[in-house]
Every structure is written in C-alpha cells, then in structure tokens.
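Student: Quick check, what structure comes out for this input:
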Amino acid sequence: MLFLGSFSSKYDTSGRLRIPEALRVSFSDEAYMTFGFDQNIMLLPPDVFKSLSHIISCLNIADPLSRVLMRMFLGSACHVKISSKGEVVIPGRLAEYAGLNVSAFMVGQGEYVEIWNPKQWEVQEKIIQESNKNLERFAGLDIRLR
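Tutor: Numbering: from 1, shown residues only. Sure, this is the predicted structure:
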C-alpha cells in the first residue's frame with residue numbers, strides 16, 4: 001500500500017504521536033524513524049528503511065557528502081513500535097530536530113510518511129502552491145504517464 005494524503009495529529013508531552021488510520025493501515029507494529037531532509041522526520045516501514053539503508057551503506061565512504069548522508073540518515077535512525085492504538089513514541093532527539101511540541105502534521109510520500117511541525121509544513125505548502133514556479137522547478141524532470 002502507498003502512504004497518501006496529509007493529516008493533523010496530536011503530539012503529547014510524553015512524546016506520543018497517534019498515526020491516523022489512513023496511514024496506519026500500511027504499517028505493521030513497527031517502523032523506523034530518522035531525520036528527514038527538510039527538518040522533518042521520516043517514518044518508514046521496515047522493508048523501505050532496510051532498502052534505503054542498504055543503498056546508503058553502499059555509497060563511497062571516502063566521499064564527504066556520502067558520509068554526511070550516512071550520519072544524517074543512519075546516525076539518527078531508530079526502531080520504534082506502533083501500539084495497538086496506532087501510537088508511536090518519537091525519541092526526544094528526533095522531536096527536537098523537527099520542532100514538535102503539541103501537534104504534528106503527517107504527509108504521505110508513497111513509500112514513507114513525513115512528520116512535520118505544523119508551522120514548518122505551512123511554509124512547505126506555500127512553496128507547493130506557487131504554480132508558476134512549479135512549472136520552472138519541474139520542467140527538467142522526466143515525468144511521464146507510461
């Protein structure tokens with residue numbers, strides 16, 4: 001299944017975040033979390049995390065950019081359990097990185113979910129809604145419908 005859509009969710013003082021049902025159905029009782037690229041958190045099913053971590057681990061460790069990516073993705077990663085209520089505890093380091101406090105915004109990204117501070121997500125939404133700039137941004141991408 002694909003993770004699709006966007007959802008607001010409560011984040012409590014004990015670090016618990018409830019995963020909306022529409023996103024939860026694609027997870028089992030476990031997942032991985034790591035720093036996202038945009039000061040957010042990536043929540044990945046185990047198979048997707050293992051696939052990405054394998055690709056990253058195969059990069060040239062002599063390349064400084066590869067080492068930074070390894071530190072960012074693998075060095076911040078942690079295994080988390082998802083409760084029967086669909087709740088997950090976000091480790092403090094990750095919550096701090098994403099600036100989470102009383103709520104979170106979750107965005108499906110196909111094979112994984114992004115967890116955002118709602119104010120940071122508002123900035124992203126403004127970027128997404130710049131239709132004229134989007135024409136320029138994406139013109140060089142080879143996006144085809146089969």
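Student: Can you name the residues that contact the residue lying closest to A77 once chain neighbours are set aside?
Tutor: Distances taken as C-beta to C-beta, 6 or more residues apart in numbering place T34 nearest to A77, at 4.1 Å, with adjacent residues excluded. For the C-beta atoms, the positions are set from N, CA and C on the backbone; glycine is no exception. For T34, the contact set (C-beta atoms under 8 Å, 6 or more residues apart in numbering) comprises 41-42, 44, 49, 72-74, 76-78, 94.
Student: Mind doing that once more with 7 Å?
Tutor: 42, 73, 76-77 (C-beta atoms under 7 Å, 6 or more residues apart in numbering).
Student: From those residues, which land in helices?
Tutor: Applying DSSP state H to these, the entries found in helices are F73.
Student: ok, back up a step: can I get the CA coordinates of the helix or strand harbouring the residue nearest to A77 in CSV?
Tutor: Element membership of T34, judged by DSSP states H and E, is strand 30-35. Taking Å, rounded to 0.1, in the frame of the first residue of the first chain, the C-alpha atoms of strand 30-35 are listed here in CSV:
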residue,chain,number,x,y,z
GLU,A,30,6.9,-1.5,13.9
ALA,A,31,8.7,1.2,11.9
TYR,A,32,11.9,3.2,11.7
MET,A,33,12.3,6.9,12.2
THR,A,34,15.1,9.1,11.0
PHE,A,35,16.0,12.8,10.3
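Student: How about the residue most central in space within the chain: what's its closest non-neighbour residue?
Tutor: Nearest to the mean C-alpha position of the chain, counting by C-alpha atoms, centre = their mean, stands M42 at 2.1 Å. Of all residues not flanking M42 in the chain, G36 sits nearest, at 4.6 Å (C-beta to C-beta, 6+ apart).
Student: Could you give the average pLDDT over stretch 106-117?
Tutor: Stretch 106-117 carries an average pLDDT of 97.
Student: Can you give me the buried ones in it?
Tutor: The neighbour-count check on stretch 106-117 (16 or more other C-beta atoms under 10 Å) flags 106-108, 111-117 as buried.
Student: residues in contact with it?
Tutor: 2-7, 9, 20, 23, 36, 40-44, 48, 98-100, 104-105.
Student: Stretch 74-93 now?
Tutor: 15-19, 21, 24, 27, 29-35, 41, 53, 56, 94, 100.
Student: Stretch 46-53 too?
Tutor: 30-32, 74, 111-112.
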